[in-house]
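1. Structure of the sequence below:
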Amino acid sequence: MRPKTQLLTAAILLALFLLVSGARAETASPPLPPQSFPKGELIPKVDCAAEPGESYALYIPTSYGPGRRSPILYILDARGRAELPARLFLDGAERYGYLVASSYQSASDGPVAPTLNAMQAMWKAIYVDLEIVQSETQVNYTKLRKGDFDIGAGSWAADFSDASNFLMLMTTGNAQNYARYSSPAFDALFTKADAEADTEKRGALLKRAEQIALDDHVWITRNFRANRTIVQPYVKGWIANARDVNRTRWLSLEQRD
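-> Okay, here's the model as predicted:
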């Protein structure tokens, strides 16, 4: 029986939160005939049989075989350049036995539908039916806070340029820790970093905390928003920032001849 999973989405999708931390997509019985797809080399394009119009680049490590549980790395490039990002992971994928599937249809900084459809299509290849349930933003976040989801989608924009502004979302008890993630080791490092005045030591502590969260697969990062702002050199007071907000009262125009 194929597992069916619901994905709650809001108007803006930046990250997916797994209600059960540590989950990852795995397949023990490959849906792709080994004789048709060589191992150890990047396959430029695989068409999704169940979803016409969807395709991805695929890499199968040489260690892969029937009956072997293998993790899969899904790549959703902001411009659907499937081969380009996939090649960045080939050495690591071969070393650690990961399959790599990189979509040609993913996109960011626009409607979320293309990337959701790409995820849905690639997950079908490992026998997971993903049901996408869209709702109003307020309703979506209410469900996230209640834990009413299998996989939930949300977004976050940094208030200031510091790693803690993201890592705090995974601390135990944080209202925006939708995955209900809890790690004493992570919390201890975050708390220690928060009290550390030395910037280098603080950065090292936050890096260790980040690695714990990455190893536990707390989030599935969908995309990072890119700010593309063209500013004339005679506009003074404009400062690039994560929120892309510059108050006009702090801006001025340099007098030109």
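
2. The stretch 101-250 of the chain: strands as residue ranges?
-> All strands of the stretch 101-250 of the chain, identified by DSSP state E, counting those that start in this stretch, fall at 129-134, 151-154, 219-221, 235-236.

3. Of those, which is nearest P61?
-> strand 219-221 (20.9 Å; Cβ to Cβ). Any C-beta I mention is one placed from the backbone N, CA and C, and that applies to glycine too.

4. I'd like the distance from the closest one to the chain centre, please.
-> The chain centre lies 4 Å from the centre of strand 219-221; the measure is Cα atoms, centre = their mean, to the nearest Å.

5. in it, what's buried?
-> 219-220 (16 or more other Cβ atoms under 10 Å).

6. what mean pLDDT would you report for stretch 72-88?
-> For stretch 72-88, the mean per-residue pLDDT is 90.

7. measure A195 to L73 for me?
-> For A195, the distance to L73 (Cβ to Cβ, to the nearest Å) stands at 36 Å.

8. what's the most buried one of the strands of the stretch 101-250 of the chain?
-> strand 151-154 (a mean of 23; mean count of other Cβ atoms under 10 Å).

9. Work out the sheet partners of that strand and label each with its direction, please.
-> Using DSSP bridges, strand 151-154 pairs in its sheet with strand 4-9 (parallel), strand 15-18 (antiparallel).

10. ok, K146 - how many residues close by?
-> Neighbour count of K146, defined by other Cβ atoms under 10 Å: 9.

11. Give me the below-cutoff pLDDT ranges for the stretch 101-250 of the chain.
-> Counting by pLDDT under 70, the stretch 101-250 of the chain contains low-confidence ranges at 109, 223-226.

12. what ranges do the helices span in it?
-> For the stretch 101-250 of the chain, helices defined by DSSP state H, counting those that start in this stretch occupy the ranges 113-124, 137-146, 164-167, 184-194, 199-215.

13. Return the most buried member of those.
-> Per stretch, and counting mean count of other Cβ under 10 Å, the top mean among those goes to helix 113-124, which has a mean of 21.

14. so it versus strand 129-134, what angle?
-> In this structure, helix 113-124 runs at an angle of 160 degrees to strand 129-134, with axes from the mean of the first three to the mean of the last three Cα atoms, to 10 degrees as the basis.

15. coming back round to it: same list, the strands of the stretch 101-250 of the chain, but as CSV with distance to C48 please.
-> Listed next are the strands of the stretch 101-250 of the chain as CSV, based on distance: least, Cβ to Cβ, whole Å:
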stretch, distance to C48
strand 129-134, 13
strand 151-154, 20
strand 219-221, 19
strand 235-236, 46
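
16. hang on, the earlier thing: for A195 and L73, indicate the residue with more neighbours.
-> L73 (17 against 8).

17. For the more buried one, what is the enclosing helix or strand?
-> strand 70-75 (DSSP states H and E).

18. So which bits of that strand are buried?
-> 70, 72-75.

19. gap between it and the chain center?
-> Counting by Cα atoms, centre = their mean, strand 70-75 comes out at 12 Å from the chain centroid.

20. how about the helix or strand following that strand: buried residues?
-> Next helix or strand after strand 70-75 toward the C-terminus (DSSP H and E): helix 83-87. Neighbour-count burial for helix 83-87, counted by 16+ other Cβ under 10 Å, picks out 83, 85-86.

21. hmm, who's touching helix 83-87?
-> 42, 44, 57, 59, 75, 77, 100, 102 (Cβ atoms under 8 Å, 6 or more residues apart in numbering).

22. what bridges to the closest residue to the fifth one other than its chain neighbours?
-> Excluding the flanking residues, the one nearest I75 by Cβ to Cβ, 6 or more residues apart in numbering is S102, at 3.7 Å. Under DSSP bridges, the beta-bridge partners of S102 are A57, I75.

23. Do I have it right that S102 meets A57?
-> Yes: counting by Cβ atoms under 8 Å, A57 is a contact partner of S102 at 4.5 Å.

24. So for those two, which residues contact both of them?
-> Common neighbours of S102 and A57, using Cβ under 8 Å, 6+ apart, are 82-83, 86.

25. Kindly present the residues you listed as JSON lines, with separate columns for distance to P38.
-> Converted to JSON lines, the shared contacts of S102 and A57 look like this (distance: Cβ to Cβ, whole Å):
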{"residue": "A82", "distance to P38": "17"}
{"residue": "E83", "distance to P38": "16"}
{"residue": "A86", "distance to P38": "15"}
